[in-house]
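> Any chance you can model this:
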Amino acid sequence: MANRCHIALPLFALILAGCAVSSGRGTALADPACPSCPRLVCVRGAVEGYGWLGAPMAAAMIAEEKQKYQTCLSQAQTAGYREVQQLEFRLGDTIYLVKPGSSDPVHVVRCASSRMSSSLVGRQGQADCIALWLSRGYTHGPEPACAYWRDDAKPGEEVKIRESCKNDPPQWTLSRVEAEKAVTLAPPPPTQPRSAPMSDASSSILVGTWDGEIFGEFHSGQPASRPYRTLVISSAVEEKGVWRVSALYGFKGTSLSPVQVTVSVSAGDQLSVEFLTPANSRVELRLLGNDQLNGSFTTSSPYNTSSCRVSCLMKFQRMNPPDPTTLVGTWSGTVNSQRATYPFTITFRNDGTWHAISPTLKPGSFDGTWQSRGSNMVWKSITTGRSGMTTLQEANGKRILRLIPDDGTSTVELTPAP
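Below you'll find the model as predicted:
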């Protein structure tokens, strides 16, 4: 297609942006350890031929986009992802992405840029749209000739019937029009049936404390200061194909919030976990082996300053419970809650009991019990009635003991007392 300017731009935009052409470039990366996991796509928009007044500003924007792109690649490669495909697309033109295997209706996403968003800004919003849906497995393709289902449309506006077949639309569109608005004609395809329910041992494999990191997260062009997260799954039980999960999520080392976790299982017993964070961002993960949850983190709004408005890579590692022989002894540190931090010292005894003191946290003295339960170490406070899980992390010669209550209202971080 020949290069062209959008002559419908207002005069001031033409003076500022010049006669410009935007091209998008990207790299698709995959995790070799998980061929079925979603790909990660790093993209950037590039501006060519920017105009007079806009030249310095456009050059700065191009440099910033290039830096974010290189950082995305670097973070993904550090996390073990490897390049599988180079991508090129023309920004400014409407681009359609199709969900593989969908038919009657075909599921489609439309990525376009407004004519008011001149190539001065590299049409980054359109590039982000393309990267997001490519990461979810969609592929570039032409707009269907007749009718299709828009996965990115507002509720009630998903059905698209083109002029060529408005007089003779497919049957599925007619049934959709006649149905109640609350009825969804084209739900996501059902999960594949499995030969038998998972065993109790397999269904409890998610239970535990998971430490995670978001790779490539930026805010207003700066690396995120707090990329680390904690996911605590206290129970995960499957009964006749229905999962009941109790989980907490939040920033590492702070109070955690309950999240509603959805678990699905593929025909090969591949476990997938999805949930919305308290900030309404989406987390999608898959279990690798017994100790890793890998996937993506997508912020709730495409208009915020986070680079994760397009999916960022996210990885969780299971935190091992402490060995009883290493737990026994005295530990000191802090209780970190939403409102305050309190000094805290606790002594674990050989008989399965513990005693703790704090000069500022009421009532000041606490007693409780601890024990191994399956693959986890759990504790209970006789004084307050609260309970939770315990993990031990060793890094750079330093041991950090963490106590996380089931209600997620605080996190206790401790090191061996001198």
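> other SSEs contacting the longest strand belonging to the chain?
If each strand of the chain is counted by residues according to DSSP state E, the longest one is strand 228-239. Judged by 3 or more CB pairs under 8 Å, 6 or more residues apart in numbering; DSSP states H and E, strand 228-239 is in contact with helix 200-203, strand 208-215, strand 242-251, strand 262-265, strand 312-319. C-beta coordinates here come from the backbone N, C-alpha and C atoms, glycine included.
> Report the contact partners of His355.
His355 is in contact with Ile346, Thr347, Arg349, Ser365, Phe366, Asp367, counting by CB atoms under 8 Å, 6 or more residues apart in numbering.
> In these, find the pair that's most separated.
Distance extremes for the contacts of His355: the farthest pair is Arg349 and Ser365 at 15.2 Å, using CB to CB.
> hang on, Glu413 in a helix?
No. Secondary structure of Glu413, determined by DSSP: H, G, I helix; E, B strand; the rest coil: strand, with no helix assignment.
> partner residues bridging it?
Bridge pairing for Glu413 (DSSP bridges) gives the partners Thr334, Arg402.
> Pretty sure it sits against Ile400.
Yes. Between Glu413 and Ile400 a contact is recorded at 6.1 Å, counting by CB atoms under 8 Å.
> Work out for me the element Thr173 sits within.
Counting by DSSP states H and E, the element that carries Thr173 is helix 171-178.
> just Arg399 next, same as before
strand 398-405.
> Tell me where the stretch 1-150 of the chain has strands.
Ranges of strands within the stretch 1-150 of the chain are 21-30, 40-48, 82-91, 95-98, 107-111, 139-140, 147-150, based on DSSP state E, counting those that start in this stretch.
> I'd like to know how many residues surround the closest residue to Ile400 other than its chain neighbours.
The shortest distance from Ile400 to any non-neighbouring residue, by CB to CB, 6 or more residues apart in numbering, is to Gln393 (4.7 Å). By other CB atoms under 10 Å, the residues close to Gln393 number 16.
> Equivalent analysis for Gln317, please.
Around Gln317 there are 15 residues (other CB under 10 Å).
> wait, isn't it in contact with Asp291?
Yes. Using CB under 8 Å, Gln317 is in contact with Asp291, at 6.4 Å.
> how many other residues sit next to the nearest residue to Val84 once chain neighbours are set aside?
Nearest residue to Val84 in three dimensions, chain neighbours excluded: Ala30, at 4.8 Å (CB to CB, 6+ apart). For Ala30, the neighbour count with other CB under 10 Å is 18.
> what about stretch 401-413, average pLDDT?
Mean pLDDT, stretch 401-413: 89.
> Who wins on neighbours among the contacts of His355?
Counting by other CB under 10 Å, top hit in those: Ile346 with 23 neighbours.
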